[in-house]
Each structure stands twice: as structure tokens, then as C-alpha cells.
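Student: could you look at this predicted model? Sequence included:
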Amino acid sequence: MSWLPGAPAGATLEDLVALRPGLLPDLHAFRARLWSGTAVRPATLELARLRIAQLLRSEAELARRTPEARADGLTEEKVTALPRWVSDAAFDGTDRACLALAEQFILDARGVTPQHIDAVRAALGDAGTVAFTVGLAVFEGTARATLALGAAPPR
Amino acid sequence: MDVHPRIPVDDLGADAGFRGGVLRLQPELLDAFLRYYGNLWSHGVLDHATKEAARIRNARVVDCRWCRNVRFAVAREEGLTEEVVALIDDGHGDGALDDRTKAVLAYVDAFILDPGAVPGPVRATVLRHLDTPQVVELTLILGAFLGFAKLRMALGLEPAAMPTRVVPTPDVPAPA
């Protein structure tokens, strides 16, 4: 639970963000653009988001599912297989290129190589790579915020 | 500026700031981010100098060459001089910074090192100086600092070297 004075019991990150006046609309607009307006498949973004949540151990983010990703066909079976993305047949070349970049981004962004980026560019194109990398930045920031603030999983 | 983006662009623009670089391949996404980021910076509940101190500490810990060499203008106007910035380094808790800044920087370090284990004393100390909306704002802007510093590294948007310079503080973009 959150350690912030005045935070409601069981506060999610959304609840906590609402305690900072005037921010939620712009945050929602930014997220909506990332998930629906960049031509990167939401299922691809969601795999990265959840892998980042696993690596950072954000239970709140792990418990959440993005509606756009569900609509894009991401199954719970594939999410369950995520820790085995390197070898599991459920993951294709695009998945592996994107997840390789996501993991390196989290573990050590300075260790991201041109080869990491080129593999994602081959899968998503240049504009898609930009959107995907913005997604990584957002997903890491969000997962860390849930942890630092003690946000609860969604109800 | 000596920048080698990993996604080729025909014209990097005047600098490697977000608008001039590869992020313009996603103009609407960039605009939405700049609205959110500008809101955090310029329409918030926490003073600029505190946010700037947090940004610089993040920049130094994660070693973002661009981030650590820019200074946002309003914080400079609020009195965050280079003499103070020089104190935002390892050992900041034992130096001449004021107690409020020390509390914030301790929180920044915990956010970067292990956000799921922010020590109780760090929480308690930051709450002596910041109220809940301010802590929320600080945490969210830290997420942006860290994430987008890493984005610069990943996409090759850092210069090999650059002089320290003052740039406009982010604000919500004007309507087109």
C-alpha cells in the first residue's frame, strides 16, 4: 500500500497520479497516443511492458492488462511464456528483437548496441522503432513509480 | 554537435533535443509526450529548482551526457547556480546542500537504485519537506528523467561531448 499521506486505501498508480492536480488528462492522452496511434502493435508493446514489469518486479504492472493488447490478440498463454521468450516457439522474430532491446534497455541502456536497434528497425521500421523505444522509457518510468509510491494492483 | 543517431535522419536539427531529432518520426507521439512533460515541469506543484536538482542527480547517476550538461532556465532563475549544482554529486548528503534538497536527492537515489525498497527514513525525511502531491509529481518526473535519458543512450542521441548550456524549461506546447 502507498505510504503517502492522504492516499486512499488500495490506491493504484492512477489513484496516486490523481493526487497531483491537472496531470491525468495529459497522461491519458500520451498513453492513448502510444497504444493506438503509432502503428506498433499493442501486443508487441504489451510484451515489452510486462517483461519490464517482471524484471523490475512491479506486481502492480504485472497484474494489469492493456485493453488494446487484448484486442490485438495477446493471450495469457503467451504472457505466461514470457520468461522463456528466447526459446519458446510462441515468440517470433519481431517479439525476440523487441524483447532483446527491452531487456538491455532495463539492465543497462549504455549496453544497447546498434545491432539491437537494427533488429528492431528491421521488424518495426524506423518510426516504429522510435515509438517502441518511447514505450520502453514510459514502461520503465511507470513500473518504477508504482514501486516507489507503493501503488496497488488494479482492482 | 557530435551526435550519431542509430536511426538515420536527414537533418538532425539545431541540436539533439527531442524536437530536432529522430523523435520527430513520431510527431503526434512526441507532441503528446511534450504536453505531459511540460505539464510536469511548468504547471506543477513543486518548484523548478527541486525538480532540476533531481534531474541533474539522475543524469549523473545514469551518466547521460546530454542530460547532465543542460540546465533548464527557470531553475537557474530560481537560484540553482553552478555552485549548487556542483554539490549534486556522490556524497551529497554530507555536503552543503540544504536539508530539503538532500532529502529529495536521497529519494532520487533510491528511485534509481531500488524503487521497491525506498528506505523508511528516506520516505519520512522527504515527507518532512514535500507534501503528497509534490511527492507524486517528483516521482512521475523522475520516471520521465530516467526513461528518456535511457532513450537517448539507446538511440544514440548523446553527443560525445558538449559544453554546459541553458535551455528553455519544458512547457506545454502552444496549440498549432
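Tutor: That came through fine.
Student: any regions of the chain where pLDDT drops low?
Tutor: Picking chain A for this. Along chain A, segments meeting pLDDT under 70 are nowhere present.
Student: that answer is for a different chain, and I need it for chain B
Tutor: Residues of chain B that meet the criterion pLDDT under 70 lie in B:1-2, B:10-20, B:176.
Student: and the helices in it?
Tutor: In chain B, the helices defined using DSSP state H lie at B:27-42, B:48-62, B:73-77, B:82-85, B:99-113, B:120-129, B:132-154.
Student: mind putting those helices into TSV with distance to A:D92 and mean neighbour count?
Tutor: All C-beta atoms are positioned from the backbone trio N, CA, C, and that covers glycine. Output for these, formatted as TSV (distance: least, C-beta to C-beta, whole Å; neighbours: other C-beta atoms under 10 Å in any protein chain shown):
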stretch	distance to A:D92	mean neighbour count
helix B:27-42	24	20
helix B:48-62	32	23
helix B:73-77	46	17
helix B:82-85	47	14
helix B:99-113	34	21
helix B:120-129	43	15
helix B:132-154	22	24
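Student: for chain A, which of those helices is the nearest?
Tutor: helix B:132-154 (2.6 Å; C-beta to the nearest C-beta).
Student: is that closest one in proximity to chain A?
Tutor: Yes. Counting by C-beta under 8 Å from any C-beta of the partner chain, chain A is contacted by helix B:132-154 at B:132-133, B:135-137, B:139-140, B:142-144, B:146-151, B:153-154.
Student: go through the helices of chain B and name the closest to A:L45.
Tutor: With C-beta to C-beta, the closest approach to A:L45 among the helices of chain B belongs to helix B:27-42: 11.9 Å.
Student: could you give the number of residues near A:F91?
Tutor: Neighbour count of A:F91, defined by other C-beta atoms under 10 Å in any protein chain shown: 18.
Student: what does the one 4 residues further on give?
Tutor: For A:D95, the number of neighbouring residues by other C-beta under 10 Å comes to 19.
Student: in which helix or strand does it reside?
Tutor: Under the criterion of DSSP states H and E, A:D95 resides in helix A:93-108.
Student: residues in contact with that helix?
Tutor: Residues from elsewhere that reach helix A:93-108 (C-beta atoms under 8 Å, 6 or more residues apart in numbering or on different chains): A:44, A:47-48, A:51-52, A:55-56, A:85-86, A:91, A:111-113, A:116-117, A:119-120, A:122-124, A:132-133, A:136, A:139-140, B:150, B:154.
Student: ditto for stretch B:53-67
Tutor: By C-beta under 8 Å, 6+ apart, stretch B:53-67 touches A:109-110, B:16, B:68, B:72, B:75, B:80, B:84-85, B:88-89, B:92, B:101, B:104-105, B:108-109, B:112, B:138, B:141-142, B:145-146, B:149-150, B:152-153, B:157-162.
Student: switch to 6 Å and redo it
Tutor: The contact list for stretch B:53-67, computed with C-beta atoms under 6 Å, 6 or more residues apart in numbering or on different chains, reads B:68, B:85, B:88, B:101, B:104-105, B:108, B:112, B:145-146, B:149, B:152, B:158.
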